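> How does the following fold in three dimensions:
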Amino acid sequence: DWTGEFDGAYNIRQDGGCVGRQSSKNIRIESKKDKPGLDILIAPGTKGESVYIPACVTHGNVDDLVYNDFYVGEGADVTIVAGCGVHTETGEPARHNGIHRFFLKPGSRVLDLGCGCGTLGLLLLGADGTLQLCGIELQEAAARQAQENAEENGFSDRMHIVCGDLRQAHTQIAPGNFDCVISNPPYYPPESGYLHAQDSLSAARSELCCPFDALCAAAARALRWGGRFFLVHKPERLVDLLTGLRTARLEPKRICFVRHRAESGVNLVLIEARLGGKPGLQYEPDLILYAQTGELSAEGRRIYHLQE
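Predicted structure coming up:
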């Protein structure tokens, strides 16, 4: 029952401004100094607490965009609730978009399922000097190239490649041992007509050796409870993706569509799912990779560590 007091950390945003905020002993909420949004700092070891960041728009002609960054300390296990509501009495256009980023605790363990030559892993390791990453790759040549790339980039002590079938990954890695799983898997079903005459390309592009349900099962086995699965795939498979994830107890939590240019159609979809998560899907603003000039966008440059 409501007692007139709220136990926990929260920030209430209305029509582009803060109308209420409370930090707790272990969760500190601060306004960003360089752009609209919040820094949410969660102390190491914090458990059983919640942080709420609701947003609402009640006036027309409000176009609200915020950047919220969550810094989660080592050993923390908290509940984060984010949502928004948009309603104007006059029916004028209005919207709210929130870009949420979660910074992994130091030393997080990441598994890359179907790592290929290791591109995703190399990008992650370049961004965070504390991560430990394991990649599983079926094709021997690609697995060998991934290990060589790790060595050439100075990551051999933090990036380990296993040549094997992800459907049998439980025989090579301990279950529940990873904080995050990432994957850029084959996009097309075997009967779709996208097969390539070259066997290695067929395996990379179609689900001959990696059915999507098997991928989800492998991710769920590898993750700790509450761990996150990050996936890149084709938008035309979206229904299959969401249903397959939920079947494996990987609840879709965030989705982002990727376009080459702002006027282009959607080319890829990025999905974040959480093992054992509660229902509730948040749509992020579209990721635009190239500017009108044909050069990488600012976000694209950030992803590939090309900032000046």
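
> Pull out the buried positions in the host helix or strand of residue 151.
Here residue 151, judged by DSSP states H and E, is contained in helix 140-152. Of all the residues in helix 140-152, those buried under the rule 16 or more other CB atoms under 10 Å are 142, 143, 145, 146, 147, 149, 150. Where C-beta positions appear, they are placed from N, C-alpha and C, glycine not excepted.

> cool, and stretch 235-243?
Buried, per 16+ other CB under 10 Å, within stretch 235-243: 237, 238, 241, 242.

> Apart from its neighbours in sequence, what residue is nearest residue 250?
residue 273 (3.9 Å; CB to CB, 6 or more residues apart in numbering).

> And for residue 102?
Nearest in space to residue 102, with sequence neighbours left out and distances taken as CB to CB, 6+ apart, is residue 70 at 4.8 Å.

> Residue 218 too?
Residue 218's closest residue in space is residue 166 (CB to CB, 6+ apart), at 4.6 Å.

> Please report phi then psi for that neighbour.
Main-chain torsions, residue 166, degrees, to the nearest 10: phi -60, psi -20.

> quick one on the thing from earlier: could you tell me which of the buried residues of stretch 235-243 are located in helices?
238, 241, 242 (DSSP state H).

> show me what contacts the first one?
Okay, so that is residue 238. residue 269 (CB atoms under 8 Å, 6 or more residues apart in numbering).

> how does it look with 10 Å?
252, 255, 257, 266, 269, 271 (CB atoms under 10 Å, 6 or more residues apart in numbering).

> Equivalent analysis for the second one, please.
Residue 241 is in contact with 212, 216, 231, 233, 234, 235, 252, 255, 269, 271, 273, counting by CB under 10 Å, 6+ apart.

> rerun at 8 Å
212, 231, 233, 252, 269, 271.

> part of a helix, is residue 221?
Yes - under DSSP: H, G, I helix; E, B strand; the rest coil, residue 221 falls within a helix.
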